[in-house]
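Enquirer: coords below, sequence missing:
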């Protein structure tokens, strides 16, 4: 048997292949270090602006309808606020405008409305008149309560939804929509 004088022993081939792996790893490590040195880290987003604290009040359906995200609210420096009611509580969901506000929020149909039935049944319908939700099933009522818990943790409560004749005029300032 003749041996090729140019052929290297197997252990030398193995050592050379490890050199390629180590050199490749070092090149990657150097690239990562250079990126950290010369590419600035992204700046963290500024905290969201603090919402004004307004006294809680009662809202009728007509008054609530003003807060649909299309109308400027004087008390909020002209901001177009989005409110919705759930289980009789009015929430300021302006911070979630991408979900609840116009023009493309997937839940925008609830802006300025009582969303109890719609969220309990996941039907994207609202009523313009008072909605007595006593006909909801126990499961649907539980779903509405779960939504309310989430809203209480995430959004500001602005007041209570009442029927037109149930409002105590002496305790409420005029609504923005009544001007």
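Expert: Good, I have the coordinates. Quantities reported herein were computed from a predicted structural model and do not represent experimental measurements.
Enquirer: could you point out which element follows the longest strand that the chain contains?
Expert: In the chain, ranked by residue count with DSSP state E as the criterion, the top strand is strand 79-86. Proceeding N to C from strand 79-86, the next assigned helix or strand is strand 89-92, under DSSP states H and E.
Enquirer: run through the residues that contact the residue positioned nearest the centre of the chain.
Expert: Geometric centre of the chain, nearest residue: residue 96, 4.5 Å, by C-alpha atoms, centre = their mean. Counting by C-beta atoms under 8 Å, 6 or more residues apart in numbering, residue 96 makes contact with 82, 154, 155. Glycine gets a C-beta too; all of them are placed from N, C-alpha and C.
Enquirer: quick one: average pLDDT of the longest strand of the chain?
Expert: The average pLDDT within strand 79-86 is 96.
Enquirer: buried residues in it?
Expert: With burial defined by 16 or more other C-beta atoms under 10 Å, the residues of strand 79-86 counted as buried are 80, 81, 82, 83, 84, 85, 86.
Enquirer: I'd like these as a markdown table, with distance to residue 36 appended.
Expert: Shown next, in a markdown table, are the buried residues of strand 79-86 (distance: C-beta to C-beta, whole Å):
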| residue | distance to residue 36 |
| --- | --- |
| 80 | 42 |
| 81 | 43 |
| 82 | 42 |
| 83 | 46 |
| 84 | 46 |
| 85 | 50 |
| 86 | 47 |
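Enquirer: wait, a helix at residue 52?
Expert: No. Using DSSP: H, G, I helix; E, B strand; the rest coil, the secondary structure at residue 52 is coil, not a helix.
Enquirer: does it touch residue 75 like I think?
Expert: Yes. Contact criterion C-beta atoms under 8 Å: residue 52 and residue 75 qualify, at 7.1 Å.
Enquirer: strands of this structure, residue ranges please.
Expert: 57-59, 68-73, 79-86, 89-92, 156-161.
Enquirer: now those strands as a markdown table including distance to residue 148?
Expert: Listed next are those as a markdown table, based on distance: least, C-beta to C-beta, whole Å:
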| stretch | distance to residue 148 |
| --- | --- |
| strand 57-59 | 16 |
| strand 68-73 | 20 |
| strand 79-86 | 5 |
| strand 89-92 | 7 |
| strand 156-161 | 10 |
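Enquirer: need the winner for burial among these.
Expert: Most buried of those by mean neighbour count (mean count of other C-beta atoms under 10 Å) is strand 79-86; its value is a mean of 24.
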